[in-house]
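Chemist: Here's my sequence, what's the structure:
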Amino acid sequence: MKKVVLLALTLVVGATFSNIDAAKKKKKDTQKEQAVKEMVNLANSSDSLSYAAGITMTNGLMPYLLQQGVDTAYMADFVAGFNQAVKDAVAAKTDHSVKARLTGVLIADQLVQRLMPGLKMEFTDTPDSVIDLTFFRGFTDALQKDSSVMKQKQAETLFQEKQRTNKAAKAEKLSKPGRDFLAANKTKEGVITTPSGLQYKVLKQGEGEVPQRSDKVKVNYEGRLIDGTVFDASSKHGSEPATFRADQVIRGWTEALTMMPVGSKWQLYIPQELAYGERAQGQIPAYSTLIFDVELVAIDKPAPAAEPAAPATTPAKTTTAKKKKK
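Modeler: The predicted structure is shown next:
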């Protein structure tokens with residue numbers, strides 16, 4: 001039994017040293033390859049120009065690579081990939097096979113980096129989700145006209161139906177906290193609900209003019225989510241009130257502003273349908289009910305244009321006119 005254990009240990013130790021030797025050898029081989037890299041021969045002015053241009057064009061590349069998640073410790077791998085891509089790009093000018101393969105690489109990169117994140121986001125907070133490998137299998141099957149699993153028209157109809165039902169489910173889920181808040185809020189003292197669903201409470205009633213939709217107004221405001229998070233305020237943009245047209249803001253604001261007399265301060269409770277709806281906006285998540293404290297300071301009306309003055313008659317002009325009559 002001891003002999004068997006000793007033999008096993010010997011094999012393990014031998015394999016370990018063998019792996020270490022292999023790693024050392026690979027490292028030496030890599031170093032040797034780098035050492036025998038072809039020398040650069042700048043034989044003429046064009047060679048010098050080309051080499052200098054190549055160096056210059058790397059300016060700013062390192063920060064970009066880091067931004068793309070490339071570990072600069074692996075620059076040898078980056079250069080190997082770059083060199084191969086250059087060779088393929090040259091070959092693709094005449095070789096249709098290489099051209100097709102390179103285009104496949106580009107399309108794959110666009111799908112992974114650009115399309116997939118947005119598609120996955122679309123189905124976040126829904127009953128369904130997008131699975132990478134299954135998506136790519138459907139993509140390539142369609143390109144190769146393999147309809148054994150699903151036909152093109154069937155797939156398009158199914159996808160559109162899933163988009164519609166999942167969007168509705170997402171809206172229902174994400175807007176529920178806001179709907180529950182508004183349902184409870186409308187029963188509170190002083191809260192008025194309009195036919196559109198806008199709710200407001202008069203904190204101070206002004207006695208000035210009520211703006212029209214096309215009027216510019218000056219307001220002080222603070223906006224909050226229903227959990228109390230302040231996402232914006234006029235005080236964040238300076239000491240003066242904010243100025244804008246009453247019809248160039250979210251629908252809930254426009255409706256409120258065109259009912260408020262100047263000098264009023266109201267608290268608005270705006271359902272997502274009258275705010276940003278399914279669009280996230282900065283700190284405002286999609287389908288958010290919003291709360292605003294709004295003080296209407298003034299209507300910013302342009303000063304009336306001055307009437308043009310009557311042209312003055314000079315003695316010289318009068319004299320000229322008289323001479324012409326003679």
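
Chemist: what are the ranges of the helices in this structure?
Modeler: Secondary structure of the chain, counting by DSSP state H: helices at 2-35, 45-56, 61-67, 75-91, 96-110, 116-122, 132-143, 152-185, 251-257, 315-325.

Chemist: Determine which stretch of the ones you listed is the most buried.
Modeler: helix 251-257 (a mean of 22; mean count of other CB atoms under 10 Å). Backbone N, C-alpha and C define where each C-beta goes, glycine included.

Chemist: I'd like to know how far the closest residue to A142 other than its chain neighbours sits from G277.
Modeler: Once flanking residues are discounted, A142 sits nearest to Q152: 6.5 Å by CB to CB, 6 or more residues apart in numbering. Separation of Q152 from G277 (CB to CB, to the nearest Å): 32 Å.

Chemist: Would you confirm that the residue nearest to A142 contacts L143?
Modeler: No: the pair Q152 / L143 is not scored as a contact, 11.0 Å apart, by CB atoms under 8 Å.

Chemist: got a list of what I291 touches?
Modeler: 223-226, 267-270 (CB atoms under 8 Å, 6 or more residues apart in numbering).

Chemist: Report the beta-bridge partners for it.
Modeler: When bridges are called by DSSP bridges, I291 pairs up with R224, Y269.

Chemist: about what we covered before: any idea how far L268 is from the residue nearest to A142?
Modeler: 49 Å.

Chemist: Might you report the residue contacts of the nearest residue to D132 once chain neighbours are set aside?
Modeler: Spatial nearest neighbour of D132, excluding adjacent residues (CB to CB, 6+ apart): M116 at 7.1 Å. M116 makes contact with 130, 132, 135, according to CB under 8 Å, 6+ apart.

Chemist: I'd like those residues as JSON lines, with distance to A100 and pLDDT appended.
Modeler: Output for those, formatted as JSON lines (distance: CB to CB, whole Å; pLDDT from 0 to 100):
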{"residue": "V130", "distance to A100": "26", "pLDDT": "94"}
{"residue": "D132", "distance to A100": "23", "pLDDT": "94"}
{"residue": "F135", "distance to A100": "21", "pLDDT": "95"}
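
Chemist: and which of those residues is nearest H237?
Modeler: V130 (39.4 Å; CB to CB).

Chemist: Would you mind confirming that that closest one makes contact with K120?
Modeler: Yes: applying CB under 8 Å, one finds V130 in contact with K120, separated by 5.1 Å.

Chemist: before we move on, back to that, show me the two of the contacts of I291 that sit farthest apart.
Modeler: Spatial extent of the contacts of I291 (CB to CB) is set by the pair L225 and Q267 at 14.2 Å.

Chemist: can you count the residues close to the residue lying closest to P261 once chain neighbours are set aside?
Modeler: Excluding its sequence neighbours, the residue lying closest to P261 (CB to CB, 6+ apart) is G206, at 4.2 Å. Residues contacting G206 under the criterion other CB atoms under 10 Å number 17.

Chemist: now do the one 10 residues further on
Modeler: Here the neighbour count serves as a burial measure; for K216 (other CB under 10 Å) it reads 15.

Chemist: ok, it - contacts?
Modeler: 243-246, 299-301.

Chemist: Can you tell me which of those residues is nearest E255?
Modeler: The shortest approach to E255 among the contacts of K216 belongs to A246, at 9.5 Å (CB to CB).

Chemist: was I right about F181 contacting Q272?
Modeler: No: if you go by CB under 8 Å, F181 and Q272 don't touch, sitting 10.9 Å apart.

Chemist: Common neighbours of the two, please.
Modeler: Contact with both F181 and Q272 is made by residues T289, according to CB under 8 Å, 6+ apart.
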